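A.B. asks: build me a model from this:
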Amino acid sequence: MGIHFGVDYYPEHWPRERWETDARLMKEMGLSVVRMAEFSWHKLEPQEGRYDFSWLDDAIALLGSCGIRTIVGTPTAAPPAWMANRYPEILPVDREGRTRGFGGRHHDCQSNPVYREFVRKIVTAMAIHYKDNPNVIGWQPDNELGNSHHDLCMCSSCRKSFQGWLEKKYGTVDRLNEAWGTAFWSQEYNEFSEVFTPKITVTGENPSAMLDWKCFCSDLIVDFMKEQTEIIRRYCPNHFITHNYMGFADKVNYYDLGKQLDFVSHDQYPGGFFADASHERGDMTASALDVVRSFKKQNFWIMEQQSGITGWEMMGRAPAPGQLSMWSLQSVAHGADAVVYFRWRVCAMGTEQFWHGILPHSGNPGRRYHELKEMIRNVSPLMERLEGSMPVPEVGIVYSFRQNYALQIQPQNRAMSYIEQIQEYYRAFYERQIPVDFVPEDGDFGNYKLLAAPLQYLMNPELEERYFNYVRNGGHLILTMRTGVKNDTNLCMTDRELPGRLSELTGSEVLDYDCLRDVKVPVICQNTEYTARNWCDLMRVREGVEVLAVYAGEFYAGEPCVTRNNYGKGYCYYVGTEPDQALMAALVGCMADAAGITELGSAEEGVELAAREKDGKRWLFAMNHTAGERTYTVDSAYRMIYGGEAGTLKGYEVQILEKNV
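C.D. replies: The predicted structure follows:
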């Protein structure tokens, strides 16, 4: 496509006489694409049924004259005031039954038929208007779907939609009652029309009902997107459609959402969101990029790459010289074919007055502009060669929205988190310079020598069989505590000891467990003492199973903690606790070595190695996440194509090397 760097632009925030200066500065910087209009509903439809695209036409034409193409955002994240006043039923209702008001964004109910009709009309009008515009190349429906909805919406329209969703899923109310276990606390329903949305209760919640509610909310967002994409494809068949994801955000199942998109995009803010810490760890930002790549298992775009200080009411830290460039190239290293910066210029009004962009409030180019301009000038020629290349990991981590939902509903230990446990496994591989893919439960496990599947809390026969086949055929599988606890409707399994049928694979049974509250338990592994956190499974291990670690405290001192079982041509590890960082590193090292995993190289702490491959070529990125000098070592067959002295990185420096594979 030849488009590799761009920016999010809001011309409606600035006088028209400034637009030409902006376009010139963008061209000089090497930008070739902008995203516009995703929050501009009132500007596009100032009164009901009266559309005005002239201002956007002018901006698109001006930018096009400088060789800059446009991605049009549909403005459905920001319904205008005239709509909320005239049709208040479009406003969302929260768990406490309160109607959320106008004044932010996403102040809408996505199931409301009145709102959906307005969405259809404006998207249709925009698609027809821009279908033949040579400067428009793609679309982004809405913005960060799921970002602002949290416990929304629970209005009467959503209740009716939820009831219909349940009837379609279960067919009869008797099947619903069985699936939800409604005999508990007299929660049976006589018909689907009796089912409530899960507003705040007096005490407790039905976990099965809550799981279905979370899945319904995801499906509603997917349907909301689908309605827009179908309209755009009808009128603009030659334009691509993408949407900006948010890493591990979980309101909507991104695997499902991605089925409608040509490719996914992502919003990457390594500086964190008003975080107290100066910046997020390199493994955290890397994991967000890798999980986004996994949602369609293809290259992606960054639709919002941090370009300055983050901040709404509060602000984060200022990126140090070199950090913006390093963060940009980290996105590329993990599979991004285009990097679009948020935003062009810091806004002088509204909520995001302190969410900084490439240009400061004054509009005068400064440190951030010149740093990114230099990086783009040097990297753009390489982007042509890299386009379409992908990381090729030997390790996969199973990632499931439903597992996450179920453990949000009943975390069991307030310190235990599905996402955090996923990221701790990722961190251990990252620190060994081992690339990782995230894999859906129905993905191709056979692509990986080693597969980690933490907290497989919900289990069904199909998933069980997929794990059996993977190990039987030579795979190395990691299962953990809280595996096989529930069935697909979030009811506890009762037919055998945990982890259910998978005990045949693990070679062990969990006879009891200890939920650790404000206490840690020592663990001995390879004659070294480590720490178990949050949970301890107490196992009975069958003969022939190798015990890799034992507990060294509490009433179960000496009992197995981590095991390995040979099954078919492969091995299954069972980790009965949440390891501390040191134990996790030791275990992952042992498991990776046994599976024959190849590391990209070795490096000092703070250096990340990542790679992309295509047509017999591998490009390796060495990235220094620290301000100090760091070193790394890789195969001598690599040759430097970007950067300074091979093997030595200055603060925040990135080097790119190439070799044949």
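A.B. asks: what is the burial count for Y369?
C.D. replies: Using other CB atoms under 10 Å, the number of residues around Y369 comes to 19. All C-beta atoms are positioned from the backbone trio N, CA, C, and that covers glycine.
A.B. asks: which non-adjacent residue is nearest it?
C.D. replies: For Y369, ignoring the flanking residues on the chain, the nearest one in space by CB to CB, 6 or more residues apart in numbering is I358 at 5.3 Å.
A.B. asks: which strand runs longest in the chain?
C.D. replies: Longest strand in the chain by number of residues (criterion: DSSP state E): strand 528-541.
A.B. asks: and that one, which strands flank it?
C.D. replies: strand 508-515 (antiparallel), strand 521-525 (antiparallel), strand 577-579 (antiparallel) (DSSP bridges).
A.B. asks: which one of those is the most hemmed in?
C.D. replies: Of all the strands paired with strand 528-541, strand 577-579 carries the top mean neighbour count, a mean of 27, counting by mean count of other CB atoms under 10 Å.
A.B. asks: wait, doesn't G138 sit right on I71?
C.D. replies: Yes. Counting by CB atoms under 8 Å, G138 does reach I71; the two are 4.6 Å apart.
A.B. asks: tell me, what's touching those two both at once?
C.D. replies: T242 (CB atoms under 8 Å, 6 or more residues apart in numbering).
A.B. asks: more neighbours: which of the two?
C.D. replies: Legend: neighbour count by other CB under 10 Å for G138 and I71, higher for I71 (27 against 24).
A.B. asks: next up, the contacts around the more buried one.
C.D. replies: Applying CB under 8 Å, 6+ apart to I71 gives the contacts G6, V33, V34, R35, M36, V136, I137, G138, W139, Q140, T242.
A.B. asks: how close does the closest residue to the fifth one other than its chain neighbours get to E38?
C.D. replies: Excluding its sequence neighbours, the residue lying closest to M36 (CB to CB, 6+ apart) is Y9, at 5.4 Å. For Y9, the distance to E38 (CB to CB, to the nearest Å) stands at 11 Å.
A.B. asks: please apply the same query to G311.
C.D. replies: Applying CB to CB, the value for G311 to E38 is 20 Å.
A.B. asks: the two: who's more crowded?
C.D. replies: E38 (25 against 18).
A.B. asks: my read: the more buried one touches N143, true?
C.D. replies: Yes. At 4.5 Å, E38 counts as touching N143 under the criterion of CB under 8 Å.
A.B. asks: what touches both of the two?
C.D. replies: G73, A77.
A.B. asks: spatially, what comes nearest to N469 if we skip its sequence neighbours?
C.D. replies: F445 (7.9 Å).
A.B. asks: hey, which helix is longest across this protein?
C.D. replies: In the chain, assigned by DSSP state H, the helix with the most residues is helix 207-235.
A.B. asks: what's the local residue count around R542?
C.D. replies: Other residues within reach of R542, judged by other CB under 10 Å, total 14.
A.B. asks: if I pick the residue nearest the centre of the chain, what's in contact with it?
C.D. replies: By CA atoms, centre = their mean, the chain has its centre lying nearest to G247, at 2.0 Å. Counting by CB under 8 Å, 6+ apart, G247 touches H266, D267, Q268, S287, A288, L289, V291, V292.
A.B. asks: so which of those wins on neighbours?
C.D. replies: Comparing the contacts of G247 by number of neighbours (other CB under 10 Å), V292 comes first, having 29 neighbours.
A.B. asks: report pLDDT for G271.
C.D. replies: Looking at G271, its pLDDT reads 87.
A.B. asks: what's the burial count for it?
C.D. replies: Counted by other CB under 10 Å, the residues lying close to G271 total 26.
A.B. asks: same check on L491?
C.D. replies: If you count neighbours by other CB under 10 Å, L491 ends up with 16.
A.B. asks: quick one: residues contacting the residue nearest to Y369.
C.D. replies: Here I358 is in contact with V7, M29, S307, G308, Y341, R343, W344, R345, R368, Y369, L372 (CB under 8 Å, 6+ apart).
A.B. asks: wait, the last one touches W344, no?
C.D. replies: By that I understand L372. No. The pair L372 / W344 is not scored as a contact, 11.4 Å apart, by CB under 8 Å.
A.B. asks: between the two, which has more neighbouring residues?
C.D. replies: Between L372 and W344, counted using other CB under 10 Å, the more crowded position is W344 (26 against 23).
A.B. asks: and that one, backbone torsions?
C.D. replies: Backbone geometry at W344, expressed as degrees, to the nearest 10, gives phi -70, psi -50.
A.B. asks: tell me how far it lies from L63.
C.D. replies: 11 Å.
A.B. asks: same thing with S111?
C.D. replies: 36 Å.
A.B. asks: tell me the most packed of the contacts of I71, by neighbour count.
C.D. replies: Neighbour-wise, the contacts of I71 (other CB under 10 Å) top out at W139, 29 neighbours.
A.B. asks: got the angle for the host helix or strand of that one vs helix 207-235?
C.D. replies: Counting by DSSP states H and E, the element that carries W139 is strand 136-140. Using axes from the mean of the first three to the mean of the last three CA atoms, to 10 degrees, the direction of strand 136-140 lies 160 degrees away from that of helix 207-235.
A.B. asks: got the buried residues for the helix or strand just after strand 136-140?
C.D. replies: Past strand 136-140, further along toward the C-terminus, the next helix or strand under DSSP H and E is helix 156-170. In terms of neighbour count (16 or more other CB atoms under 10 Å), helix 156-170 has its buried residues at S157, C158, R159, K160, S161, F162, Q163, W165, L166, E167, Y170.
A.B. asks: and the nearest residue to the last one once chain neighbours are set aside, helix, strand or coil?
C.D. replies: In this structure, Y170 finds its nearest non-sequential neighbour in L176, 4.4 Å apart by CB to CB, 6+ apart. Here L176 is helix, with the state taken from DSSP: H, G, I helix; E, B strand; the rest coil.
A.B. asks: please shift the residue numbers so they start at 200 in all later answers.
C.D. replies: Got it, first residue is 200 now, which makes that one L375.
A.B. asks: so L650 makes contact with D636?
C.D. replies: No. Taking contacts as CB under 8 Å, L650 lies outside contact range of D636: 9.7 Å.
A.B. asks: more crowded one of these two?
C.D. replies: L650 (26 against 23).
A.B. asks: the more buried one belongs to a strand?
C.D. replies: Yes. Assessed with three-state DSSP, L650 lies in a strand.
A.B. asks: how much space between the residue nearest to A793 when sequence neighbours are not counted and T705?
C.D. replies: Closest residue in space to A793, ignoring its immediate chain neighbours: H675 at 6.5 Å, by CB to CB, 6+ apart. From H675 across to T705, the span is 13 Å (CB to CB).
A.B. asks: more neighbours: these two, which one.
C.D. replies: The neighbour comparison of H675 against T705 (other CB under 10 Å) goes to T705, with 28 against 23.
A.B. asks: what is the neighbour count of the nearest residue to the more buried one once chain neighbours are set aside?
C.D. replies: Take T705 and drop its neighbours on the chain: the residue closest to it by CB to CB, 6+ apart is Y773, 4.2 Å away. Y773 has 29 neighbours, counted by other CB under 10 Å.
A.B. asks: Y773: what secondary structure?
C.D. replies: Going by three-state DSSP: Y773 is strand.
A.B. asks: circling back: how about the contacts of I557 in JSON lines, adding pLDDT and secondary structure?
C.D. replies: Shown next, in JSON lines, are those (pLDDT from 0 to 100; DSSP: H, G, I helix; E, B strand; the rest coil):
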{"residue": "V206", "pLDDT": "99", "secondary structure": "strand"}
{"residue": "M228", "pLDDT": "98", "secondary structure": "helix"}
{"residue": "S506", "pLDDT": "98", "secondary structure": "coil"}
{"residue": "G507", "pLDDT": "96", "secondary structure": "coil"}
{"residue": "Y540", "pLDDT": "98", "secondary structure": "strand"}
{"residue": "R542", "pLDDT": "98", "secondary structure": "coil"}
{"residue": "W543", "pLDDT": "98", "secondary structure": "coil"}
{"residue": "R544", "pLDDT": "98", "secondary structure": "strand"}
{"residue": "R567", "pLDDT": "98", "secondary structure": "helix"}
{"residue": "Y568", "pLDDT": "98", "secondary structure": "helix"}
{"residue": "L571", "pLDDT": "98", "secondary structure": "helix"}
